[in-house]
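A.B. asks: no FASTA, just this:
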């Protein structure tokens, strides 16, 4: 019993401390990358007090932001439901913290004769991942409802509609991998990609693109950040949150990005597979985190590049494009796995999926015409 508790602590403490530290680094990294895209410098002024270390490329900025959040006053609206107003940011943080334990991230040390410590090697890990992350929808709506603010409620309703809509193609794209691997065990899915990553198949590439786009919407990243569109509804569902409660929403959003990126690495990019892993197994953890940060870099890149969608475009893209394409991809994957002929699955599968994507795009595209302007005489 004592050894079991020690093993659980050896798993939970590195995950909690490690990903919280990576959250701070990721906020700095995002601000630096966006500054580079927009021809700015980014944070570079905060230095370590009472030391010779000046600026350090602004790496101390996240610590300063954290202290600022702790020092800010917690303002609760007079008519708000105070209990739900308190529970919403906590509930938004719990699901991403829990699902991080389901990733096949082997910590590079051994205890009690174990080869390596893995958080939770469950047979239904992928199913449990989606079940737990769906709780975040409740937290978002709870925040909008409890604030007694029309802007917050509108942002919460937008978020719920968006997350429910994009969760369907997200799950369907993962179902393709489950069908190919023959199970929902995360480690078994990684082992099934030992010879070839699923992303290097036509159905796997299509599923990865659908999964990645849907994950952007699930985590409210640009260009799908409609629930917090400041030009329309101020800050969305967390308009009435300040101080440390706002920081909890912020932390939960970034942990969700880590979690969904980790699941994408598990399903499509071979998990911790990479060069020299066979000789040095500890590199598995390094490669896993490197792939996660590669996906996060693409998310940041898209944020600094693409404009925000309209609400009708957002919902139409999920129901009229991603959903039919993900359903078609299920049949393409089933046919490719049944035939087991890679030389045939690539040209035929790619042609079918590309043709369907073009047809869906054209069938739902509004007739464009040159703008005409009229002026007063």
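C.D. replies: Done, it's in. The model shown is predicted, which means the values in this text are computed figures rather than measured ones. Residues are numbered from 1 along each chain as shown.

A.B. asks: OK, contacts around the most centrally placed residue in the chain?
C.D. replies: Geometric centre of the chain, nearest residue: residue 257, 3.1 Å, by CA atoms, centre = their mean. Counting by CB atoms under 8 Å, 6 or more residues apart in numbering, residue 257 touches 26, 219, 221, 296, 299. Every C-beta, even on glycine, is put in place using the N, C-alpha and C of the backbone.

A.B. asks: Most neighbours among the residues you listed, please name it.
C.D. replies: residue 219 (25 neighbours; other CB atoms under 10 Å).

A.B. asks: my read: that one touches residue 261, true?
C.D. replies: No. In this structure, residue 219 is not within contact of residue 261 by CB atoms under 8 Å, at 9.2 Å.

A.B. asks: The stretch 101-250 of the chain: strands as residue ranges?
C.D. replies: In the stretch 101-250 of the chain, the strands defined using DSSP state E, counting those that start in this stretch lie at 106-107, 117-118.

A.B. asks: per-residue pLDDT, residue 320?
C.D. replies: At residue 320, the model reports a pLDDT of 90.

A.B. asks: State the phi and psi torsions of it.
C.D. replies: Taking degrees, to the nearest 10, you get phi -100, psi -10 for the backbone angles of residue 320.

A.B. asks: swap in residue 134?
C.D. replies: Reported as degrees, to the nearest 10, the phi and psi values for residue 134 are phi -70, psi -20.

A.B. asks: export the contacts of residue 257 to CSV and tack on pLDDT and distance to residue 77?
C.D. replies: Below are those laid out as CSV (pLDDT from 0 to 100; distance: CB to CB, whole Å):
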residue, pLDDT, distance to residue 77
26, 86, 31
219, 87, 27
221, 84, 28
296, 93, 34
299, 92, 32
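
A.B. asks: which one of the residues you listed sits closest to residue 196?
C.D. replies: The shortest approach to residue 196 among the contacts of residue 257 belongs to residue 296, at 24.6 Å (CB to CB).

A.B. asks: mind listing what that closest one touches?
C.D. replies: 26, 257-258, 261.

A.B. asks: Max pairwise distance over those: which two?
C.D. replies: 26 and 261 (10.5 Å).

A.B. asks: Where does residue 85 sit, in terms of helix or strand?
C.D. replies: helix 82-99 (DSSP states H and E).

A.B. asks: buried ones in that helix?
C.D. replies: When burial is assessed from 16 or more other CB atoms under 10 Å, helix 82-99 yields the following buried residues: 85, 88-89, 91-93, 95-99.

A.B. asks: Stretch 134-154 now?
C.D. replies: Neighbour count says stretch 134-154 has 136-137, 139-147, 149, 151-154 buried, by 16+ other CB under 10 Å.

A.B. asks: Give me the residues contacting that stretch.
C.D. replies: 77, 79-85, 87-89, 91-92, 94-96, 155-157, 159-160, 163-164, 167, 227, 233-241, 249, 252, 256.

A.B. asks: got it, and stretch 196-205?
C.D. replies: So stretch 196-205 is contacted by 176-177, 180, 192, 207-208, 267-270, 273, 329, 332-333, 336, 342, 345-346, 349-350, 353 (CB under 8 Å, 6+ apart).

A.B. asks: This completes my enquiry, with thanks.
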